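show me the folded form of this:
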Amino acid sequence: MIPHHHRRALLQVALASVQGENVLVVDDSDEGGLVLPGVEVLRSRGRQGFARAANLGLAAAQARGAAQVLLLNDDAAPEPGCLAALRAAFGPGVGAVGPTLVGPDGQVESAGIDLSPWGRLRARRRPPTQAQAAAALSGACLLVSAEERFDVGFSHGMEDLELCARLRRRGLSLVVLPQRCRHVGGATLDRRSPAAQRHAVAGHLRLVGGGAQTPAVLALALAQVIREHGPVERVPAILDGWRDWRRRGLSPGDGRKGA
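Numbering: from 1, shown residues only. The predicted structure follows:
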């Protein structure tokens, strides 16, 4: 199931990587009208964001009798053998399975994600040699049960980490595999843009629930901007993200059944 925004050239690459599978594309683009020969397309209201678009697709897949769904970004492409390995690893007691994500340069982007008690997120960069447990996994390529839903309170980013946290609280394990999925990343929104910074801060605060962790989250965001040499417009975007979080609610959980 591929939520699609506007990246048609990348979408064709993603579709080619899952050729022969039952594929559902959720068209969440502004313009709509997406037609893909031989592929089912489900239209959202447009610009609903990843969580709502993914929930729409998950509900449709579940209604069609699917037990598990592979969530795939439209800028991601599993390498040969990846899908079979994901299926094989999904069993009793497992909440989600993900591959090792690699960027366009072949470098590891994420082999699982760790979250420290004080709120710091860190993607693992060392590729695993076998299946291993992870604290969280990226939603760019993620096999989950068709009954799962994302929290729609997240506007852009962090909704995958919240789902992973929820799965772990239910006693389910998260598994990352050495098999690889190529991921362009940042094709929806430049991660160094003020808008991306704003969404990241709001989502991060919603993920950790704010409270005593709020100063740490804001400090981490500012340190990242400094480390990446701006641009300076990202600094006020940090405060904008904090304001967004205050307006939308202090913790995750509300509305995650919505589509």
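
now do the contacts for V201.
217-218, 221, 237-238, 240-242, 244-245 (Cβ atoms under 8 Å, 6 or more residues apart in numbering). C-betas here are computed from N, CA, C, even on glycine.

repeat the analysis, applying 10 Å as the threshold.
Listed by Cβ atoms under 10 Å, 6 or more residues apart in numbering, the contact set of V201 reads 157-158, 217-218, 220-222, 234, 237-245.

strands of the stretch 101-250 of the chain, start to end?
108-110, 113-115, 121-123, 132-133, 141-145, 173-183 (DSSP state E, counting those that start in this stretch).

need those strands in TSV with distance to F50, can you?
Below are the strands of the stretch 101-250 of the chain laid out as TSV (distance: least, Cβ to Cβ, whole Å):
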stretch	distance to F50
strand 108-110	16
strand 113-115	16
strand 121-123	17
strand 132-133	25
strand 141-145	11
strand 173-183	14
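
who wins for proximity to I2 among those strands?
strand 141-145 (10.3 Å; Cβ to Cβ).

list the buried residues of stretch 80-87.
Residues 82-83, 85-86 are the ones in stretch 80-87 that count as buried (16 or more other Cβ atoms under 10 Å).

and for stretch 200-210?
200-208, 210.

which of the contacts of V201 fall within helices?
Per DSSP state H, helices hold the following members of the contacts of V201: 217-218, 220-222, 234, 237-245.

which one among those residues gets closest to G153?
G153 lies nearest to W245 out of the ones in helices among the contacts of V201, by Cβ to Cβ, at 9.6 Å.

wait, doesn't that closest one sit right on L205?
Yes. Using Cβ atoms under 10 Å, W245 is in contact with L205, at 4.1 Å.

quick revisit: ChimeraX command for the buried members of the contacts of V201?
Filtering these down to the buried ones (16+ other Cβ under 10 Å) takes a single ChimeraX command:
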select :157,158,217,218,220,221,234,237,238,240,241,242,244,245
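
quick one: low-confidence parts of the protein?
117-119, 186-189, 191, 249-259 (pLDDT under 70).

how is this protein carved up into domains?
2-183, 194-248 (automatic domain parsing).

got the CA positions of stretch 77-85 in PDB?
The C-alpha trace of stretch 77-85 is given here as PDB (Å, rounded to 0.1, in the frame of the first residue of the first chain):
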ATOM      1  CA  ALA A  77      11.900   0.500  -3.500                       C
ATOM      2  CA  PRO A  78      12.600  -2.800  -1.800                       C
ATOM      3  CA  GLU A  79      15.500  -4.700  -3.400                       C
ATOM      4  CA  PRO A  80      15.000  -8.300  -4.700                       C
ATOM      5  CA  GLY A  81      14.300 -10.800  -1.900                       C
ATOM      6  CA  CYS A  82      13.300  -8.100   0.600                       C
ATOM      7  CA  LEU A  83       9.500  -8.700   0.400                       C
ATOM      8  CA  ALA A  84       9.900 -12.500   0.900                       C
ATOM      9  CA  ALA A  85      12.200 -11.900   4.000                       C
END
